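*Asks:* requesting a structural model of the entry that follows:
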Amino acid sequence: MLYILRNDELRNILLRSDNEAEYVIYTYIFDHKKRLFLNYRYKVPHFKIKKSSGIKHLEYIKPIYNSYAYSYFRVYSKLLEKSLQDLLCLYIDEIHSEVKKHFSYDGKPAKFVILVYEDDDTIDWEKIREKGIIVINPHDILDIDIDEPEYRFPDSHPKANAWQNIVPALIKELNLM
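*Replies:* This next block holds a predicted model:
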C-alpha cells in the first residue's frame with residue numbers, strides 16, 4: 001500500500017484520478033507483520049528505515065526476488081535491530097501521512113481506517129488510534145463470529161458471506177449512509 005501511495009504513476013492508474021475519498025480502508029491480517037520481511041514467492045518492493053534529523057522514515061529500495069533462505073536471514077537480522085511491531089507502526093504512520101496527502105473529501109483530509117480482520121495482540125491498537133487512525137475490529141461490530149468455518153476458507157481467507165456481513169456493519173459504524 002505504501003509503495004502504491006508513493007508512486008504517482010501507479011497510484012493514478014489504480015485509483016480514481018479525482019482523489020475524492022472520505023475514508024481509505026486498509027484490511028489488516030496478522031500475517032502482514034511477517035510480510036514486511038518474508039515474501040519469498042514474489043518480487044516485491046522493499047523499504048528500509050532511514051533517519052533524518054533523528055526522525056525515522058521509510059525509504060523505497062528497488063524490488064528484489066527473495067529466496068526463502070534470504071528472507072529468513074533478513075527477518076532474524078532485522079528483528080535484532082527493531083521489533084516487528086515498531087516497524088509495522090512506522091509503516092502505518094507513513095501510510096497515514098500519504099493518505100492525508102493524496103485524498104480528501106469536502107476539503108478535509110481523508111480518514112485512514114484499519115479494519116483488523118485478524119487481530120494481533122502484539123499490536124498496541126490504542127497507540128495507533130491516538131494518532132488519529134480509526135481502528136475497527138469486525139468482531140466488535142458484528143453479531144456473528146466470522147472465525148467460524150461458514151465464513152472462512154480452510155486457508156483462513158474470508159468467504160463472500162463474511163464480507164456480506166462486514167461491509168454493512170462497517171458502513172453503519174462509519175456512518176456512511
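*Asks:* contacting residues around the helix or strand hosting residue 96?
*Replies:* Here residue 96 is covered by helix 84-102, with elements defined by DSSP states H and E. Applying Cβ atoms under 8 Å, 6 or more residues apart in numbering, the external contacts of helix 84-102 come out as 1-2, 5-6, 11, 19, 24, 26, 32-34, 36-37, 47, 49, 56-58, 78, 109-110, 112, 114, 122-124, 127-128, 131-133. No exception for glycine: its C-beta is placed from N, CA and C like everyone else's.
*Asks:* just checking, next helix/strand downstream of that helix?
*Replies:* Heading towards the C-terminus - elements assigned by DSSP H and E - helix 84-102 is followed by strand 104-105.
*Asks:* buried set for the helix holding residue 96?
*Replies:* Residues of helix 84-102 classed as buried by neighbour count (16 or more other Cβ atoms under 10 Å): 84, 87-100, 102.
*Asks:* what mean pLDDT does it have?
*Replies:* What helix 84-102 shows for mean pLDDT is 91.
*Asks:* again with stretch 137-151
*Replies:* If you average the pLDDT values across stretch 137-151, you get 95.
*Asks:* which residues touch that stretch?
*Replies:* Here stretch 137-151 makes contact (Cβ under 8 Å, 6+ apart) with 115-117, 119, 152, 158-159, 161-162, 165-166, 169-170, 172-173.
*Asks:* what separates that stretch from the chain centre, distance-wise?
*Replies:* Using Cα atoms, centre = their mean, to the nearest Å, the mean C-alpha position of stretch 137-151 is found 20 Å from that of the whole chain.
*Asks:* still on that earlier bit, buried members of the contacts of stretch 137-151 into ChimeraX, please.
*Replies:* What follows is the ChimeraX syntax for the buried subset of the contacts of stretch 137-151, where burial is set by 16+ other Cβ under 10 Å:
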select :115,116,117,158,162,165,166,169,170,173
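*Asks:* just to revisit the earlier point, in strands, which of the contacts of helix 84-102 fall?
*Replies:* Taking DSSP state E as the definition of strands, the contacts of helix 84-102 contribute 24, 26, 47, 49, 56, 57, 58, 109, 112, 114.
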